[in-house]
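[1] Starting from these lines, generate the structure:
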Amino acid sequence: LQGRVHFVSGGKLAGLLRTARSAVTVNSTAAEQVLWRGLPLKAFGEAIYKRPEFVSDQSVQAFFQAPRTPDRDAYLTYRAFLLATSQIPGGYYAFRSRRKLLRQLPDLMLAELSQTERLIRGEMTGAAATQHLRAVS
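    The predicted structure is shown next:
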């Protein structure tokens, strides 16, 4: 693995992923960036994104020899569902992103029902209510 594997303890991954051909993780949320770019991914731990449609079940040796590309449509459907039900627009790296996030957070925390519960009850409309229902093979 020497020369092919790099341990990254933190920071921004965009530069590394621009030239990467695949990625291996235990359960890092950095895998979302890997999948968004359509790169093959091998995950060893338990993670919400560890689905056979987009995370390799190959042995490590087979993965490094010929990694399978994730199913882009399946990933985009999964991502749309997450964005609609459990992700809050914003972030913590920039002041404007934090401000955007903090404006929404109290209402979401104090809401009687979660976004997922609202979706299940049919209280959400539009793309948020339908994107997760598309079957992928």
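
[2] Packing partners of the strand or helix carrying residue 33?
    Element membership for residue 33, per DSSP states H and E: helix 30-36. Contacts defined by 3 or more CB pairs under 8 Å, 6 or more residues apart in numbering; DSSP states H and E place helix 30-36 against helix 14-19, strand 23-25, strand 41-43, helix 72-85. For the C-beta atoms, the positions are set from N, CA and C on the backbone; glycine is no exception.

[3] Quick check: which of the ones you listed is buried the most?
    Of the helices and strands packed on helix 30-36, the one with the most neighbours on average (mean count of other CB atoms under 10 Å) is strand 41-43, at a mean of 23.

[4] what pairs with it, and is each one parallel or antiparallel?
    Sheet pairing here is set by DSSP bridges, and for strand 41-43 it gives strand 23-25 (parallel).

[5] Relative to the whole chain's centre, how far out is the partner strand?
    Relative to its chain's centre, strand 23-25 lies at 13 Å (CA atoms, centre = their mean, to the nearest Å).
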